[in-house]
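S.K.: give me a model of this one.
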Amino acid sequence: MAYLAPSEFVTKMVDAGESKIFMSTRDTIIRAYMAGAILALAAWFAVTINVNTGQPLIGALLFPVGFSMLYLLGFDLLTGVFVLAPLALIDKRPGVTLGGVLRNWGLVFVGNFAGAFTVAFMMAFVTTFGFTQEPDKVGMTIGNIGEGRTLGYAAHGAAGMATLFLRGMLCNWMVSTGVVGAMISTSVPGKVIAMWMPILVFFYMVFEHSVVNMFLFPSGLLLGAKFSIMDYLIWNEIPTVLGNLVGGLAFTGMTLYTTHVKTAPKRQRLAA
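M.R.: Numbers count the residues shown, from 1 in each chain. Below is the predicted model of the structure:
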């Protein structure tokens, strides 16, 4: 399980951010679509485990299988590019602009949402036998998640919004650490172990992940949960996206870059 020193994997983070900014629209959308779909399947899997066992820790222990698969396959989550793409701009890589960063974020958001929504529809169809009956226990649980994490925050007003934002920050502190984890080893077992640990923390602590929520909340709406699209957007998705951006960039991207980039190879420093 070969380990890369921080100065080496931080350089890989900047390189990855640069490559994502210059990636074609087609490839960006496809990779984001598959990432959203696989993460949604993992969330469905984890909720099913929780319902069947009554033990949330087991679901949290196994949920990272989806995250590990999608990153080993080279797919992209919004929470990951929130951290990686800006580093290429901060490092002043040639041709990297703010517009390029925003373009990447927008395309990944669209792709992630499309993939997660595809699985949301499949889940809703399967748990209701083609919308011909009430959802099963898993479907009902997912619907309740949507209500509790929209109307539940709204009931607390500004304090609820602040709590939601902070949970988004805490989430991507852990999730982006998992993204970095894929870069700190050159072996598959090493990558998986490094990714698994922070993703377990985020899921068990019920932090707010924008892409997981792209599955959970549309699923709830498809299953007839008692909250609206505007409830979902205002009292979850938008604040979660902003919290994910701030938390991942502040606690993972900038901290690692600031303290380790000065020891990065000269080739990378000159490239800037």
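
S.K.: tell me the buried residues in the helix or strand where Y33 lies?
M.R.: Taking DSSP states H and E as the criterion, Y33 maps to helix 25-53. For helix 25-53, burial by neighbour count (16 or more other Cβ atoms under 10 Å) applies to 28-29, 31-44, 46-51. Placement of C-beta: from N, CA and C, glycine included.

S.K.: mind giving me the packing neighbours of that helix?
M.R.: helix 56-62, helix 64-72, helix 98-127, helix 137-148, helix 210-222 (3 or more Cβ pairs under 8 Å, 6 or more residues apart in numbering; DSSP states H and E).

S.K.: hey, which of those helices is tucked in deepest?
M.R.: helix 210-222 (a mean of 26; mean count of other Cβ atoms under 10 Å).

S.K.: could you list the residues in contact with the helix or strand just after that one?
M.R.: Next helix or strand after helix 210-222 toward the C-terminus (DSSP H and E): helix 229-232. For helix 229-232, the surrounding residues in contact (Cβ atoms under 8 Å, 6 or more residues apart in numbering) are 146, 150-151, 154, 217-218, 221.

S.K.: continuing past helix 229-232, what's the next helix or strand?
M.R.: Next in sequence after helix 229-232, counting helices and strands by DSSP H and E, comes helix 238-248.

S.K.: next, the angle helix 98-127 makes with that next one.
M.R.: Angular relation of helix 238-248 and helix 98-127 on a 0 to 180 degree scale: 120 degrees, by axes from the mean of the first three to the mean of the last three Cα atoms, to 10 degrees.

S.K.: and helix 238-248, average pLDDT?
M.R.: The average pLDDT for helix 238-248 rounds to 98.

S.K.: that one - contacts with which helices or strands?
M.R.: helix 78-90, helix 157-181, helix 210-222.

S.K.: got a list of what the nearest residue to T25 once chain neighbours are set aside touches?
M.R.: Nearest non-adjacent residue to T25, counting by Cβ to Cβ, 6 or more residues apart in numbering: L107, 6.2 Å away. Applying Cβ under 8 Å, 6+ apart to L107 gives the contacts 25, 28-29, 32.

S.K.: now the two most distant members of the residues you listed.
M.R.: Put simply, by Cβ to Cβ the two of these set farthest apart are T25 and A32, 10.6 Å from each other.

S.K.: surely H209 touches V175?
M.R.: Yes: contact criterion Cβ atoms under 8 Å: H209 and V175 qualify, at 6.3 Å.

S.K.: quick one, which of the two is more surrounded?
M.R.: V175 (32 against 28; other Cβ atoms under 10 Å).

S.K.: based on its surroundings, how many neighbours for the closest residue to the more buried one other than its chain neighbours?
M.R.: If the residues on either side of it in the chain are set aside, V175 comes closest to T79, at 4.8 Å by Cβ to Cβ, 6+ apart. T79 has 30 neighbours, counted by other Cβ under 10 Å.

S.K.: test for you: state the pLDDT assigned to T79.
M.R.: At T79, the model reports a pLDDT of 98.

S.K.: sounds good, over and out.
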